[in-house]
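> predicted model and sequence follow; I will ask about them next.
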Amino acid sequence: MIRFFDILFSVCGLVLCLPLFIVIAMGISLDSRGGVFYYQLRVGRNNKDFRLLKFRSMRTNSDKKIGLTIGSRDSRITRVGFYLRRLKLDELPQLFNVLTGEMSLVGPRPEIRKYVDLYTSEQKRVLSVKPGITDYASLEYINENEILGKSAHPEKVYIESIMPAKIDLNMRFINDPSLANYFRVLALTLKKII
């Protein structure tokens, strides 16, 4: 049943957001060189890699330096990208990932392989479900970049503190992947956005 709502909501979202997609694409193209979209390999259900789609918010190839975004004023982020990230609009193209079945609207945020390889066997339970656009961890750590930006050792803080805490929060949905919990997370996300 969740798949039905994923398809329904992602199609509605893509149709409704089409004018916004066009405006964002023009802004990105005028602001910096490179493509409008950004693809990154992430780890999905059953430990399989897939290409996560976002609007490009950084200068081309700048993700090769470090995988984490450090603070809202990371020098790699473009002017338009700053606002896309602040308003979470860079995540909208993931509705295509939901439509194709690689993701769900609700589920653990997909991680890059480098960090998944550090998971304990218990933490790997997050790979038993489809990754999502939003979940309890996303809501709790909506300002994750700011936390990392204040740290002298952001990657260490992420690996030792933030990542395990987020995985613990992921378990709230994994342990109860019901339709009621799905709609609860969507409602909390809408409330947070508004």
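Happy to help now that I have it.

> check which helices and strands the helix or strand hosting residue 21 sits against.
Here residue 21 sits within helix 2-31, counting by DSSP states H and E. Counting contacts by 3 or more C-beta pairs under 8 Å, 6 or more residues apart in numbering; DSSP states H and E, helix 2-31 packs against strand 49-55, helix 79-86, helix 94-99, strand 104-106, helix 179-193. (Glycine included, C-beta is placed from N, CA and C.)

> mean pLDDT lowest where, among those?
Lowest mean pLDDT within these: helix 79-86, a mean of 91.

> relative to residue 165, which of the helices and strands packed on helix 2-31 is closest?
Across the helices and strands packed on helix 2-31, residue 165 has its closest neighbour in helix 179-193 (17.1 Å, C-beta to C-beta).

> can I get that closest one in CSV, CA atoms only?
Extracted in CSV, the C-alpha atoms of helix 179-193 (Å, rounded to 0.1, in the frame of the first residue of the first chain):
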residue,chain,number,x,y,z
LEU,A,179,0.9,3.1,6.7
ALA,A,180,0.0,5.0,9.9
ASN,A,181,3.7,5.7,10.7
TYR,A,182,4.3,6.6,7.0
PHE,A,183,1.6,9.3,7.2
ARG,A,184,2.9,10.4,10.6
VAL,A,185,6.3,11.1,9.2
LEU,A,186,4.9,12.9,6.2
ALA,A,187,2.7,15.1,8.4
LEU,A,188,5.6,16.0,10.7
THR,A,189,7.7,16.8,7.6
LEU,A,190,4.9,19.1,6.2
LYS,A,191,4.6,20.8,9.6
LYS,A,192,8.4,21.4,9.7
ILE,A,193,8.4,22.8,6.2
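
> so what does the lowest-mean-pLDDT helix or strand in the chain touch, helix or strand wise?
Scoring the helices and strands of the chain by mean pLDDT, DSSP states H and E places helix 144-149 at the bottom, with a mean of 84. For helix 144-149, the packing partners by 3+ C-beta pairs under 8 Å, 6+ apart come out as helix 154-157.

> got the buried residues for the helix it packs on?
In terms of neighbour count (16 or more other C-beta atoms under 10 Å), helix 154-157 has its buried residues at 154, 157.

> deepest-packed of the helices and strands packed on helix 2-31, please.
strand 104-106 (a mean of 25; mean count of other C-beta atoms under 10 Å).
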